[in-house]
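J.: here is my input, please return the structure:
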Amino acid sequence: MKKLALVFVGVLLLGMVVPAMAETLHVGAGTGTQSFPLGNTFVYQKGQTPVYYTYSLHLNASDGGSYVFTGPMDGSTGIPMSTGPLEEDFNPFIGTYTIAEEAPEGFFWVNETVEIGADDFEEDPAAANCFSASGVFELQQIFTWPLKAVIMQMPVELWQKNSQIQNQRKSSHTPLAGATVWFDDGSGPVEVGSTDAEGRYVFTSQPGNNLYPGAGFYFMTEPGFFFWNPEYLVMSVMYLNEDLDESIFVAWSPTPPFLLSFTALSGENHVQIKWATLYENDLLGWCVHRSEQNNHLDAQNITPDMIPATNSSQMQFYSLTDTEIEPGGIYYYWLECVEAASSNFYGPVSVTVEGEVPGIYPSLSQLKNAWPNPFKSQTGTTIGVDIKEGETGSLTIYNVQGQALKTYELAAGSHELVWNGLDGNGKACGSGVYFYKLITPSLNQSKKMVIIK
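T.: A predicted model of the protein is given here:
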């Protein structure tokens, strides 16, 4: 019996499950049943199939191409990766994958990485313990909107024919490098870049320095060029989803080749405006415009009867006397060259009128618009202020936090205050929005101005 007991114990080690509380093992049936005392628990697993786990990952490029990527497991887009059966439940594909190749020409990667987490894996309903996940590296076509700045030039060609000097004028466009490109969505102009050596600046749909900023106003500036055609462009599209045609901004040189000089000289209670031309061709005439601010849009035409052009191949001299001015005042003059289909403006030239200033005061106190606005801190802006007779006033400049930066105390009269972007301690103010406020006994008014980089 002991031998039989040992045999059964050996079988039991490979055999059936015996409850932990059992004290006797019964083998057989009916009258042939035999019992064996037990003191331990025995486990018997009967022919169970081993458990395996399989994980697979499929990363694609949106164009269906094959591109190398790196990550927890390196590979190429479009080629599935699989662990095969694993005896342990371990997923080696979890982590960040990065595309390792440049996008094809004319495209860019919207996402250069794909993040794969445990929750991205789904079990295959047709195969137990088989899990798969996928991800996409998105390609997008690069769309562009090129801008170009050019200078309008009119070179002169003279030649001898039949003992007479004749001329032929040819207009040409020269690229303007370094012109500043601006964008304004209504909250104030922002500098976005400058034109290259070919006069171009290209907005793209590709993330980077030339990313298209959206709908709004676009314009250009460059010192020495006051007139542009067009002055600005209005764009209504929020995103570049197609290539746009090149937009050309034409800058008119303040002094064209045929205009030899343009001056304004102060005399006793008058201003003498003079200009000279090397030649003239197909011109209708000349007009002179005057303003008390450096802003041609506010200028007044002081030659309602246009001065006729001579249209001569010889040098010509013109002169105009302006007496509708005030002694001590500063005036700006522009010269308008009138042609059959268009007009071109040149200038301005400025002058301070000589003579004794009479004791004449403004009829009311007022705060005028700063000009230029926006402006660069190193160039400054001019703020016109009128204080009527019998009043004094103060003009204070504030930042957006309401902190007073500088205050000017003003007596009765007309004033042009130049603020160079410095606070009362001589410290330069940063770019942004500022307010200037005039307080007099009869007026309390504020206006906004912007400093740009």
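
J.: how near is Tyr408 to Lys437?
T.: For Tyr408, the distance to Lys437 (C-beta to C-beta, to the nearest Å) stands at 11 Å. For the C-beta atoms, the positions are set from N, CA and C on the backbone; glycine is no exception.

J.: apologies, that question was intended for Met315.
T.: Using C-beta to C-beta, one obtains 52 Å as the distance from Met315 to Lys437.

J.: more neighbours, those two?
T.: The neighbour count for Met315 versus Lys437, taken as other C-beta atoms under 10 Å, is higher for Lys437 (16 against 12).

J.: thinking again about what came up before, give me the common contacts of Tyr408 and Lys437.
T.: Residues touching both Tyr408 and Lys437 (C-beta atoms under 8 Å, 6 or more residues apart in numbering) are 395-396.

J.: pLDDT below threshold where in the stretch 201-350 of the chain?
T.: 224, 226-227, 253-257 (pLDDT under 70).

J.: can you show me the helices along it?
T.: Shown for the stretch 201-350 of the chain, no helices are assigned by DSSP state H, counting those that start in this stretch.

J.: contact partners for Lys406?
T.: 396-397, 419, 422-424.

J.: again, only using 6 Å
T.: Shown in contact with Lys406 (C-beta atoms under 6 Å, 6 or more residues apart in numbering): 397, 423-424.

J.: among these, the buried ones, what's the ChimeraX command?
T.: In ChimeraX syntax, the buried subset of those is picked out as below (16 or more other C-beta atoms under 10 Å):
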select :397
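
J.: point out the least confident one among the contacts of Lys406.
T.: Minimum pLDDT for these is recorded at Gly424 (82).

J.: residues contacting it?
T.: Contact partners of Gly424, counting by C-beta under 6 Å, 6+ apart, are Lys406.

J.: out of the contacts of Lys406, which is nearest to Asn111?
T.: Proximity of the contacts of Lys406 to Asn111 (C-beta to C-beta) peaks at Asp423, which lies at 45.5 Å.

J.: what does the closest one show for phi and psi?
T.: Main-chain torsions, Asp423, degrees, to the nearest 10: phi -80, psi -170.

J.: wait, doesn't it sit right on Leu405?
T.: Yes. The pair Asp423 / Leu405 is scored as a contact, 4.2 Å apart, by C-beta atoms under 6 Å.

J.: coming back round to it: what is the nearest of the contacts of Lys406 to Glu115?
T.: The closest of those, once distances to Glu115 are taken by C-beta to C-beta, is Asp423, at 48.0 Å.

J.: from Tyr239, how far out is the closest residue to Gly267 other than its chain neighbours?
T.: Sequence neighbours aside, Glu354 is the residue nearest to Gly267 in space, at 6.6 Å (criterion: C-beta to C-beta, 6 or more residues apart in numbering). Distance, Glu354 to Tyr239, using C-beta to C-beta: 58 Å.

J.: now swap in Ser312 and tell me
T.: Distance, Ser312 to Tyr239, by C-beta to C-beta: 55 Å.

J.: equivalent analysis for Phe131, please.
T.: Relative to Tyr239, Phe131 is positioned 38 Å away (criterion: C-beta to C-beta).

J.: which one's more surrounded, those two?
T.: Counting neighbours by other C-beta under 10 Å for Phe131 and for Tyr239 shows that Phe131 has the greater number, 20 against 10.

J.: I'd say the more buried one and Glu123 touch.
T.: Yes. Proximity of Phe131 to Glu123 meets the contact threshold set by C-beta under 6 Å, at 5.4 Å.

J.: quick one: stretch 322-335 to chain centroid distance?
T.: On the basis of C-alpha atoms, centre = their mean, to the nearest Å, stretch 322-335 is displaced by 40 Å from the centre of the chain it belongs to.

J.: burial of the nearest residue to Tyr218 once chain neighbours are set aside, as a residue count?
T.: Distances taken as C-beta to C-beta, 6+ apart place Leu233 nearest to Tyr218, at 4.7 Å, with adjacent residues excluded. Look at Leu233: counted by other C-beta under 10 Å, it has 14 neighbours.

J.: can you check the one 4 residues further on too?
T.: Other residues lying near Val237 total 12 when counted by other C-beta under 10 Å.

J.: would you mind measuring from the closest residue to Ser363 other than its chain neighbours to Leu367?
T.: Of all residues not flanking Ser363 in the chain, Lys388 sits nearest, at 6.3 Å (C-beta to C-beta, 6+ apart). Using C-beta to C-beta, Lys388 is found at 12 Å from Leu367.

J.: wait, Ser132 sits on Thr54?
T.: No. Between Ser132 and Thr54 no contact is recorded; they are 8.7 Å apart, counting by C-beta under 6 Å.

J.: partners of the residue nearest to Gly267 in the sheet?
T.: Glu268 (DSSP bridges).

J.: just the pLDDT for Gln166.
T.: 35.

J.: same question for Asp120.
T.: pLDDT, Asp120: 96.

J.: which one is it nearest to, not counting chain neighbours?
T.: Leaving aside its sequence neighbours, Asp120 sits nearest to Ala133 (C-beta to C-beta, 6+ apart; 4.2 Å).
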